[in-house]
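[1] need coordinates for the below:
(chains A, B, C and D)
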Number of protein chains: 4
Amino acid sequence: MRFRVAIVGATGVVGQQFIVALRGHPWFELCCLAASKRSAGKTYAEALRDEATGAQRWFCEEDPPEEALSMPVEDASQLDPSKVDIVFSAIGSEQAMELEPLYAKDLPVVSTASAFRYEDDVPILIPGVNLDHAELIRVQRRRRGWRGFITPIPNCTTTGLAITLKPIHDAFGVDKVIMTSMQALSGAGRSPGVLGLDIVDNLIPFIPKEEEKVQTETLKILGNLKGESIEPAGFKVSCTCTRVNVREGHTEAVFVSTKRKCGVEDVKEEMRKFSGCLKPLGLPSAPEEMIVVHEDPFRPQPRLDRDRHGGMATVVGRIREDPVLENGIKYVLVSHNTKMGAAKGAVLVAEYLAKYGYV
Amino acid sequence: MRFRVAIVGATGVVGQQFIVALRGHPWFELCCLAASKRSAGKTYAEALRDEATGAQRWFCEEDPPEEALSMPVEDASQLDPSKVDIVFSAIGSEQAMELEPLYAKDLPVVSTASAFRYEDDVPILIPGVNLDHAELIRVQRRRRGWRGFITPIPNCTTTGLAITLKPIHDAFGVDKVIMTSMQALSGAGRSPGVLGLDIVDNLIPFIPKEEEKVQTETLKILGNLKGESIEPAGFKVSCTCTRVNVREGHTEAVFVSTKRKCGVEDVKEEMRKFSGCLKPLGLPSAPEEMIVVHEDPFRPQPRLDRDRHGGMATVVGRIREDPVLENGIKYVLVSHNTKMGAAKGAVLVAEYLAKYGYV
Amino acid sequence: MRFRVAIVGATGVVGQQFIVALRGHPWFELCCLAASKRSAGKTYAEALRDEATGAQRWFCEEDPPEEALSMPVEDASQLDPSKVDIVFSAIGSEQAMELEPLYAKDLPVVSTASAFRYEDDVPILIPGVNLDHAELIRVQRRRRGWRGFITPIPNCTTTGLAITLKPIHDAFGVDKVIMTSMQALSGAGRSPGVLGLDIVDNLIPFIPKEEEKVQTETLKILGNLKGESIEPAGFKVSCTCTRVNVREGHTEAVFVSTKRKCGVEDVKEEMRKFSGCLKPLGLPSAPEEMIVVHEDPFRPQPRLDRDRHGGMATVVGRIREDPVLENGIKYVLVSHNTKMGAAKGAVLVAEYLAKYGYV
Amino acid sequence: MRFRVAIVGATGVVGQQFIVALRGHPWFELCCLAASKRSAGKTYAEALRDEATGAQRWFCEEDPPEEALSMPVEDASQLDPSKVDIVFSAIGSEQAMELEPLYAKDLPVVSTASAFRYEDDVPILIPGVNLDHAELIRVQRRRRGWRGFITPIPNCTTTGLAITLKPIHDAFGVDKVIMTSMQALSGAGRSPGVLGLDIVDNLIPFIPKEEEKVQTETLKILGNLKGESIEPAGFKVSCTCTRVNVREGHTEAVFVSTKRKCGVEDVKEEMRKFSGCLKPLGLPSAPEEMIVVHEDPFRPQPRLDRDRHGGMATVVGRIREDPVLENGIKYVLVSHNTKMGAAKGAVLVAEYLAKYGYV
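    Now for the predicted structure:
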């Protein structure tokens, strides 16, 4: 199993995370780095260099792989589909709207952009949660006349929420969800991102468009494939999304009302049963456990728990009864917004699609 | 109107905040600083001195008043009631359990401790919200045979929540409340408090006993005086309380279901009408507005809004409909946990009690 | 004494600080806000509005004065000199190079930009330190044929260093200075500024061009007016400038070698004598003390000391002998980089120039 | 090569770091965890449990090894020397004064405490820097009549300074050193440590006794073994030590005057040559490079560079000429204060002593 993969938007923060996520990958061989015309023709090392200061604009904790630094950067609008098997798209939504359909004519596109998430024939996949939605890819191909397809991953704040709701929904039926997020700075990116000046001794109670995304995507992901589209899950989600002074790892305080009565131990039991669901698939980036349940009430904490299972686990704690909602349960989760919630999560999706014949 | 006031627990953090809150007070004259036996007999300046390092253990942003520094510190267990009209108690709950009843035999005690908050004949007063509960003081005196009384203020996380729910409850009837707090470091105090090491790049999703306090106190404060006790308000509150890397100012994301349908503008209108409620009382520490409503969706922010009206206002923003709860409204609030939520809030309570004949 | 003042670059961060520094000023009346063509023609409130989000881009802790919000913004390149007595320039150095000479044809320009700091006929003034250098203004006018003139204030990192070296240099003769700064985030501005992501749990050991500025400016400020230029002070300065996770207030660890032997108490004595030097001048923005000397070894701390005397004092502590340098003394200082080190410091310079006949 | 090792002070922060540093060690087998009487008799897991909250008081990022959790904790005052080959001492200096000599009667003690650092017959070892000082161990044994010995490692702020000065001193002769440190919170420990409340938006310019330690230890480490003691290096060191809002990793701005002229490239060259000095010794915890030199002027940064080579490298950048000192060179270094600067550094010392016959 060897697939040639391209990263589009390779010089940006998410593109860099793709490079790190793909380093030494057993199935995926990085064969193409694409970016804007401005970078095209340079080596990747040159394209990362800040012209004003000479500094290397590389933002991952891990060093950039030598082999990537010497690769040429190609013009994203001129990608040659014959040289690539899978495209990882790390570009902004406006660009994605234009470029991703070009690639999808010939190639599978796994994207972190929101551009196509809300289209009828586009699934938002989370391995272990809704892989059956991948069938929608056939509809998408047929309707659009593409040999390839587009599969976006969810917004990073949706990911942990959908994963933890999945076993609850399957076992007890979710009826209502109320969630307050305390999101990491890395989620705001770098252009312009959040200034130190603004977040020191502070938090910011609003992230434009974030709440709408979470509310919509969670229902689509937990919905059912009916004919040629997804019927959203039959419950409601309400969030307040805030930004806190944490580098990486989104924390969410979740309150859930279920259709059937469930106790705290029931929820833990269902989460634990669910946790191993990816093991049988043999996907290289899959976490050993999808959900890790903490008994220590002081956990999860973003700094201590975000990197669990390589940043691919959702860590849950403080599961307890909620006295307000009918059949109420409340808990806190931490999910790594730039690992499972971004590039590495997209690589995991691609692994599934590659192994199970969609590529 | 001149009253002689004592601060018990004067060397601690809250005691210091009382000293600052009372500086230049038009009615209250600081005549006694009391603390543990260890400090008794020293001047206040001496009592603040750390023996190991010689540093002055003073923790307020404002400098300590010269006149306080030269005052003698008295033994809290030997307070002479003939020299004092009002006692401000800034001691821990265990000590309060023992000492506050001693003082209350003769004197009004306004306390930041939780020791007596949940007693049947003890009101938890917030000016503007439930001053009618002050009548319970007569019951308390009669039952306990005290000339004085104990009136604790609420837990600092309860304060902003109860204040913002008040106009909603009065106008539309609150049915359910779900709240996630993002609380400031100062709320954890200094013994031991929260280490920088633990909160840098992090948050802590649990504050022992905090959620229970908020859930219970909010209902008592918004309840009705019925005979010789308070009938708690007939709704339910569920919280998740977290600690974030902010020095001062608790932020709360609130989701409310009301009995009668209300729109966003209705809520703003009720909050604004409510805001001036303290003006007619002429209390020196009262904020010009109890609630300040922001239209900017990026507000309130703790660093920018906590000091509004001298830290005595609750600042609200992001009021919007909640799609999940019946007649749902959601908003974000910031409340200064060590001003309105602690010493300065207690001084405001004492001002009411003094002016209206309870002292 | 009434002077009509204009702020050029009024919509930027430093321009906003000028507006705050001038609020209620007894001598200076704000009569003109000027900015780029893009803002010209709008009211100041409109010019501050972010088009994408609708948020008000106002960055000072203090609220913007109502009277400023309703003022029209004028095109900085079309300033009418007949309506203004003093120009405060808050623009970047490139723009300053072009616009400040235009204004200086007719008007005094007090600037925070570095554009003209290193010109022979341009003094870098700090009240109390080198006001005699103001004589250079006459040279500047004559040589350049201007009715007005340009007087830049120093780089904000230079300010506290020059102020604290002044009494040492006068009394003992400075021979060598080694300084490591720990600078606040506000000094990096907002375009792009320092991202929270980059400074959380971190510091950055380099600030481009900063060290050169401090090294050059300190010597010019402490130099002597000789004929038609300043002879730089005859000692050497070496710095390492770093950025730390502090919002406001630059901290500097200074090591000084003096020509004549001096003890710790001598230095304190000279600093204290120097501190009152501005009082006789009667300038409204002057600090009561230029230097505040702490005996507590844990001070100065930026959060606790930056606002001393309205952010206009330099706070010094840990004065002790240095065992390495000849006649060595070392100390730590905190200086408010956006008050004394920026707009409010420039207003203080203008007060001197206005009162003493340069305007 | 198998040695049985004991950790004394095993429940504290440094003791925990020893457990992590020894996990899977190829030569050292953890056979004894010792602590105060209070913990003795419990399992290690029980001893870590906080009685009030039930939380596990474990402070390393890495999880505690299962095998350690089930080990019994022994009374540190009753250590049985027949069961142990090497003692790692992680106790405070007062206790160390009493207990370490007891152990040293029979056993080699490698200690992080400062208690014996300044004794004539006690070397402060840094592998690669002054291993020849280990000969002093024979003097120590003879004079004190011990079969074992005590070898403390340096204060964590000394470590990076001494390592980077070593190649400069050997090649050019150091004459003067001026250093300002920006130290991490972990260096202050946890009892009481630095409160978040005090360090948010702040720094603290004083660390009691730290400057004296660095000034004395650096000279001893870089001194020469002469007869039965160390002749301190013939230069002088002056520091200002500050605490900044960084979790781990001490940053130091160093200014050096050398006896013989040296350029920036000479210093880099000497540092690079020195870097491989530990390789031939084959010690398991030795870093691949002792010093890593950065060309990027924005490095080293504590968060990005502290973990280089497992936290055992000293990372240097901004090497440039200093215009003030004679033959002046200045640079910035980052050293991991709780890896190379504490337990893991002590393990490295023990590896040397074990391999070369001192144990």
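
[2] what ranges do the strands span in the stretch 151-300 of chain A?
    Applying DSSP state E, counting those that start in this stretch to the stretch 151-300 of chain A gives strands spanning A:174-183, A:224-226, A:229-231, A:236-243, A:250-258, A:291-293.

[3] can you tell me which residues in the stretch 251-359 of chain A are near chain D?
    For the stretch 251-359 of chain A, the residues in contact with chain D (C-beta under 8 Å from any C-beta of the partner chain) are A:296-298, A:304. For every residue, glycine as well, the C-beta is placed using N, CA and C.

[4] check those residues and tell me the two furthest apart.
    Maximum pairwise distance among these (C-beta to C-beta): 13.5 Å, between A:297 and A:304.

[5] any residues in contact with both of these two?
    Common contacts of residue A:297 and residue A:304 (C-beta atoms under 8 Å, 6 or more residues apart in numbering or on different chains): none found.

[6] would you format the strands of the stretch 151-300 of chain A as a markdown table with distance to residue C:95 included?
    Output for the strands of the stretch 151-300 of chain A, formatted as a markdown table (distance: least, C-beta to C-beta, whole Å):
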| stretch | distance to residue C:95 |
| --- | --- |
| strand A:174-183 | 37 |
| strand A:224-226 | 59 |
| strand A:229-231 | 54 |
| strand A:236-243 | 33 |
| strand A:250-258 | 41 |
| strand A:291-293 | 54 |
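
[7] tabulate these (CSV), appending distance to chain C, mean pLDDT and mean neighbour count.
    Formatted as CSV, those follow (distance: least, C-beta to the nearest C-beta, whole Å; pLDDT from 0 to 100; neighbours: other C-beta atoms under 10 Å in any protein chain shown):
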stretch, distance to chain C, mean pLDDT, mean neighbour count
strand A:174-183, 12, 98, 26
strand A:224-226, 37, 96, 12
strand A:229-231, 31, 96, 17
strand A:236-243, 9, 98, 25
strand A:250-258, 14, 98, 26
strand A:291-293, 24, 98, 23
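
[8] how about TSV for the ones you listed, with distance to chain B added?
    As requested, the strands of the stretch 151-300 of chain A are exported to TSV (distance: least, C-beta to the nearest C-beta, whole Å):
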stretch	distance to chain B
strand A:174-183	4
strand A:224-226	21
strand A:229-231	18
strand A:236-243	4
strand A:250-258	4
strand A:291-293	14
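
[9] which of those sits closest to residue A:269?
    Smallest distance to residue A:269 across these (C-beta to C-beta): 9.5 Å, for strand A:291-293.

[10] mind giving me the packing neighbours of the closest one?
    Contact here means 3 or more C-beta pairs under 8 Å, 6 or more residues apart in numbering or on different chains; DSSP states H and E; on that basis strand A:291-293 packs against helix A:156-172, helix A:264-275, strand A:314-322.

[11] pretty sure residue A:71 is touching residue A:29, no?
    No: between residue A:71 and residue A:29 there is no contact under C-beta atoms under 8 Å: 11.7 Å.

[12] quick one: common contacting residues for those two?
    Common neighbours of residue A:71 and residue A:29, counting by C-beta under 8 Å, 6+ apart, are absent.

[13] near chain C, which residues of the stretch 151-300 of chain A?
    Within reach of chain C by C-beta under 8 Å from any C-beta, the stretch 151-300 of chain A has these residues: A:185-186, A:188, A:190, A:192-201, A:208, A:245-247.

[14] and those near chain D, which?
    A:200-201.

[15] what about the residues of the stretch 151-300 of chain A next to chain C, which are in helices?
    The helices, defined by DSSP state H, take in A:196-199 from these.

[16] from those residues, which is closest to residue C:354?
    For these, the nearest to residue C:354 is residue A:197 (32.2 Å; C-beta to C-beta).

[17] how near is the closest residue to the closest one other than its chain neighbours to residue C:247?
    Setting aside the residues directly before and after it, residue A:197 is nearest to residue C:185 in space (C-beta to C-beta, 6 or more residues apart in numbering or on different chains), at 4.5 Å. Residue C:185 sits 6 Å away from residue C:247, going by C-beta to C-beta, to the nearest Å.

[18] so the two - more neighbours on which side?
    residue C:185 (26 against 23; other C-beta atoms under 10 Å in any protein chain shown).

[19] you'd agree the more buried one is up against residue C:200?
    No: between residue C:185 and residue C:200 no contact is recorded; they are 11.3 Å apart, counting by C-beta under 8 Å.

[20] quick check: neighbours shared by those two?
    Residues touching both residue C:185 and residue C:200 by C-beta under 8 Å, 6+ apart: A:196, C:245.

[21] strands of the stretch 1-150 of chain A, start to end?
    For the stretch 1-150 of chain A, the strands defined by DSSP E, counting those that start in this stretch occupy A:3-8, A:28-35, A:73-75, A:86-89, A:108-111, A:149-152.

[22] can I get these in CSV with mean neighbour count, mean pLDDT and distance to chain B?
    Shown next, in CSV, are the strands of the stretch 1-150 of chain A (neighbours: other C-beta atoms under 10 Å in any protein chain shown; pLDDT from 0 to 100; distance: least, C-beta to the nearest C-beta, whole Å):
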stretch, mean neighbour count, mean pLDDT, distance to chain B
strand A:3-8, 24, 98, 28
strand A:28-35, 21, 97, 30
strand A:73-75, 19, 97, 32
strand A:86-89, 28, 98, 28
strand A:108-111, 27, 98, 28
strand A:149-152, 27, 98, 23
